[in-house]
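Undergrad: Sharing a model that was predicted from the sequence below.
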Amino acid sequence: MRFVIGSLIVLAGSALIAQVVSPKSVASTKDIMLTMSIPASNALFDAGAKEKLTDEEWAGFRKQAVLLAESGNLLMLDRRARDQGDWIKDAKLLIDVGAAAYKAAQAKDLPAIVALNDQ
């Protein structure tokens, strides 16, 4: 009896997994680049212009870092990915740099953010 109940639970779970919801794209690739990737990277590039940041400015850098990383994820979606070579490599770089910038902003490490400008 336990085997039958366990099997039914596994089958029900499998049926739920099979009903995967696919994401619905709202923005075009150009929109993502213009509203997320470019402004976020510009904010991080401009980090070197200041010697000391307020808590509010650090919070802003964390937000920009998240936008940069997540824009890379969005640019890798099938509909947007131009190819599986350089496009994917560059999108992954956005994710990596965004994640590193987020970590640096959490630590309030301005030199680490500035160092990311060379990547």
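TA: Okay, I see it.
Undergrad: Helix or strand next in line after the helix-or-strand element of the chain with minimal mean pLDDT, which one?
TA: Least confident helix or strand, the chain: helix 2-18 with a mean of 54, by mean pLDDT, DSSP states H and E. Per DSSP states H and E, the first helix or strand lying C-terminal to helix 2-18 is helix 29-32.
Undergrad: Average pLDDT for that next one, rounded please.
TA: Averaged over helix 29-32, pLDDT sits at 92.
Undergrad: Same check on stretch 45-59?
TA: 88.
Undergrad: now for it, what's the gap between its first and last residues?
TA: Stretch 45-59 has an end-to-end distance of 16 Å (criterion: CA to CA, to the nearest Å).
Undergrad: With stretch 22-40 instead?
TA: OK, stretch 22-40 end separation, CA to CA: 27 Å.
Undergrad: So what touches that stretch?
TA: 64-65, 67-68, 70-72, 74-75, 77, 79-80, 94, 98 (CB atoms under 8 Å, 6 or more residues apart in numbering). For glycine as for every other residue, the C-beta is placed from the backbone atoms N, C-alpha and C.
Undergrad: So what's the gap between that stretch and the chain middle?
TA: The chain centre lies 11 Å from the centre of stretch 22-40; the measure is CA atoms, centre = their mean, to the nearest Å.
Undergrad: again with stretch 108-116
TA: Mean-position distance between stretch 108-116 and its chain equals 19 Å (CA atoms, centre = their mean).
Undergrad: So for that stretch, mean pLDDT?
TA: So the average pLDDT for stretch 108-116 ends up being 91.
Undergrad: buried ones in that stretch?
TA: 110, 113-114, 116 (16 or more other CB atoms under 10 Å).
Undergrad: and if you look at stretch 77-97?
TA: Across stretch 77-97, burial judged by 16+ other CB under 10 Å covers 80, 91, 94-95, 97.
Undergrad: count of residues packed around residue 61?
TA: Per other CB atoms under 10 Å, the neighbour tally for residue 61 reads 23.
Undergrad: Just give the nearest non-adjacent residue to it, would you?
TA: residue 105 (4.2 Å; CB to CB, 6 or more residues apart in numbering).
Undergrad: residues contacting that neighbour?
TA: Residue 105 makes contacts with 58, 61-62, 65, 113, as judged by CB under 8 Å, 6+ apart.
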